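*Asks:* got a predicted model here, sequence first, then my questions.
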Amino acid sequence: TLLSLMLAAAFGLFSFSIVAVTLIGRNDALESVQIGDPRFALPDRSGKHGAFVRDRFGTLPQAYFSLFELMLLDGWDTIARPIVQVQPWLFSFILLFVVVFTFGALNIIVALVIQKHELYAEVREMREVKRSRE
C-alpha cells in the first residue's frame, strides 16, 4: 500500500543519506566547494552567502534533506554540478540516486494507482453482475 511505499522510500533515502555523508560530506576535496544558489542562501557566521558541501551533506539530517531536494529534482543542477566538477566519480552515485528515487518511485506510484483502479473496476463489475442476477 501507499504507507509501505512511503516507509520503504524513507528507509532508502536514509540509506543513501548515510552514504552521502561519507562520500560527499566528509570528502576533504569538496570542503571549499559552494553548492546551491547563493542568491537564496542565508549568510553564514562569517557573513558569506551560499552553502558549502559540508553545510548541505555534513550531517545525516542535512544530507537527508539535500537528497530529498535532489529526489524532487529541485535545483538538482546547482547541487550536483559543483560536486561532479571537483569529483567526477560522484556522478555515478548521484545518477543512481536520481534513477532509483525519482524515476523508480514515480513508476511504483503509478503502478499502485493503476492496481487500485483495476481492483475497484473489478469490484464494480462484480456488483453489476450480482444486480443483474437479482
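*Replies:* That came in fine, so what should we check first?
*Asks:* CA atoms only for stretch 7-14, dumped as CSV, please.
*Replies:* Coordinates of each C-alpha in stretch 7-14 appear next as CSV, following Å, rounded to 0.1, in the frame of the first residue of the first chain:
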residue,chain,number,x,y,z
LEU,A,7,8.3,3.7,4.6
ALA,A,8,10.4,2.0,2.0
ALA,A,9,11.3,5.3,0.4
ALA,A,10,12.1,6.9,3.7
PHE,A,11,14.4,3.9,4.6
GLY,A,12,16.1,4.1,1.2
LEU,A,13,16.6,7.8,1.4
PHE,A,14,18.1,7.3,4.9
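*Asks:* what mean pLDDT does it have?
*Replies:* Taken as a whole, stretch 7-14 carries a mean pLDDT of 88.
*Asks:* and what of stretch 127-134?
*Replies:* Mean pLDDT, stretch 127-134: 85.
*Asks:* same check, this time on stretch 20-32
*Replies:* On average, the pLDDT along stretch 20-32 is 91.
*Asks:* in that stretch, which residues are buried?
*Replies:* Burial within stretch 20-32, assessed by neighbour count using 16 or more other CB atoms under 10 Å, is assigned to 20-21, 23-25, 27, 30. Where you see a C-beta, it was placed from the backbone N, CA and C, and this is true even at glycine.
*Asks:* with stretch 64-83 instead?
*Replies:* Those would be 64, 66-67, 69-71, 76, 78-80, 82-83, for stretch 64-83 by 16+ other CB under 10 Å.
*Asks:* now for these: which two are most distant?
*Replies:* Of all pairs drawn from these, the widest gap by CB to CB lies between 64 and 82 and measures 19.7 Å.
*Asks:* who's in contact with residue 5?
*Replies:* Taking CB atoms under 8 Å, 6 or more residues apart in numbering as the criterion, residue 5 is in contact with 105, 108-109, 112.
*Asks:* which of those fall in helices?
*Replies:* Counting by DSSP state H, those place 105, 108-109, 112 in helices.
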